[in-house]
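A.B. asks: here are the coordinates; sequence isn't available:
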């Protein structure tokens, strides 16, 4: 279940994107538990590829703008996420839309929510790095 206290970043656009991922994952989990996860895998990969491209760009920009202390960690985690997604997608292309592939997606994304969104992304709520402000400097003329 979505919990704003656990997953909320304080940035409405980012929170809405996280919630969309959460809702899609729940739909996949429901299908997987009903033995039908394999029927949703292809569509889920399409969603996830588009989501990662757009969301990571938005989130990294928000972290840069807010001078978030964990922005470097966040970028590295996004790169790792993409690599892991590529590995799971390769398995999907090799074996097809199996329950095993659906389960790999489930494990990967549940881990992502608990170990990335709930621990790194939520740092958007924290004060900026010492010696900086949340507002980036204005360009000089």
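C.D. replies: Perfect, thanks for sending it. Treat the numbers as computed from the prediction; the structure is a model and nothing was measured.
A.B. asks: what about the residue lying closest to residue 126 once chain neighbours are set aside, which SS state?
C.D. replies: Leaving aside its chain neighbours, residue 126 sits nearest to residue 69 (6.4 Å; criterion: Cβ to Cβ, 6 or more residues apart in numbering). Backbone N, C-alpha and C define where each C-beta goes, glycine included. Under DSSP: H, G, I helix; E, B strand; the rest coil, residue 69 falls in the coil class.
A.B. asks: Just the pLDDT for residue 69.
C.D. replies: Per-residue confidence at residue 69 stands at 93 (pLDDT).
A.B. asks: cool, and the one 5 residues further on?
C.D. replies: Each residue has a pLDDT score; the one for residue 74 is 97.
A.B. asks: who's in contact with it?
C.D. replies: The neighbours of residue 74, taking Cβ atoms under 8 Å, 6 or more residues apart in numbering as the test, are 59-60, 63, 68, 120-121.
A.B. asks: Pull out the buried members of those residues.
C.D. replies: 59, 63, 68, 120-121 (16 or more other Cβ atoms under 10 Å).
A.B. asks: In helices only, show me these.
C.D. replies: Among the buried ones among the contacts of residue 74, DSSP state H puts 59, 63 in helices.
A.B. asks: okay if I get the buried ones among the contacts of residue 74 as a markdown table plus distance to residue 20?
C.D. replies: Shown next, in a markdown table, are the buried ones among the contacts of residue 74 (distance: Cβ to Cβ, whole Å):
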| residue | distance to residue 20 |
| --- | --- |
| 59 | 13 |
| 63 | 19 |
| 68 | 21 |
| 120 | 19 |
| 121 | 14 |
